[in-house]
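Next one to model:
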Amino acid sequence: QVHLVESGGGLVQPGGTLRLSCAASSGIRSIETMGWYRQAPGKQRELVASMTIGGSTNYADFAKGRFTISRINANNTVYLQMNSLKPEDTAVYYCNAARAEVFGVRGSLEVRGQGTAVTVLS
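Next up is the predicted model:
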């Protein structure tokens, strides 16, 4: 079974930091792009940051200068370091794997995690 598992969410004061982690199951051989999305209550899901297997990154404007995405290709793990958190960063953060190659499966898949909640107190 192919899945992603996120961890690292929680409650934090404004200005605080959190580090989110996402690990892919062993059935995934490689992932072209790993990223983080978020969805706040009553709002649409939006991209936070993504990173290709080659190291290219893409950040939402609100994430630039505060958040840093990194990944370890060897074990298909991605991290999101979040600094200077604001109440408006409160959301469920989802890990996403785009163009994931899975052992025994022809072609590629997109896989999304179950999400980890981040709450920045106001």
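
would you list every one of the strands in this structure?
For the chain, the strands defined by DSSP state E cover 4-7, 10-12, 18-24, 28-39, 46-52, 57-59, 67-72, 77-82, 91-102, 108-112, 116-120.

Quick one: those strands as JSON lines, columns for mean pLDDT and mean neighbour count too.
In short, each C-beta sits where N, CA and C put it, glycine included. Output for those, formatted as JSON lines (pLDDT from 0 to 100; neighbours: other Cβ atoms under 10 Å):
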{"stretch": "strand 4-7", "mean pLDDT": "94", "mean neighbour count": "18"}
{"stretch": "strand 10-12", "mean pLDDT": "98", "mean neighbour count": "14"}
{"stretch": "strand 18-24", "mean pLDDT": "97", "mean neighbour count": "20"}
{"stretch": "strand 28-39", "mean pLDDT": "96", "mean neighbour count": "21"}
{"stretch": "strand 46-52", "mean pLDDT": "98", "mean neighbour count": "19"}
{"stretch": "strand 57-59", "mean pLDDT": "98", "mean neighbour count": "15"}
{"stretch": "strand 67-72", "mean pLDDT": "98", "mean neighbour count": "18"}
{"stretch": "strand 77-82", "mean pLDDT": "98", "mean neighbour count": "22"}
{"stretch": "strand 91-102", "mean pLDDT": "96", "mean neighbour count": "21"}
{"stretch": "strand 108-112", "mean pLDDT": "93", "mean neighbour count": "15"}
{"stretch": "strand 116-120", "mean pLDDT": "98", "mean neighbour count": "18"}
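
Against Ala98, how distant is the nearest residue to Leu121 once chain neighbours are set aside?
Leaving aside its chain neighbours, Leu121 sits nearest to Gln13 (5.6 Å; criterion: Cβ to Cβ, 6 or more residues apart in numbering). Separation of Gln13 from Ala98 (Cβ to Cβ, to the nearest Å): 33 Å.

Gly16 too?
For Gly16 relative to Ala98 (Cβ to Cβ), the value is 30 Å.

Please apply the same query to Gly10.
26 Å.

With Met82 instead?
On the measure of Cβ to Cβ, Met82 and Ala98 end up 21 Å apart.

measure the spatially most central residue of the chain to Gly107 for me?
For the chain, Trp36 is the residue whose C-alpha lies nearest the centre (Cα atoms, centre = their mean; 2.7 Å). Distance from Trp36 to Gly107, counting by Cβ to Cβ: 24 Å.
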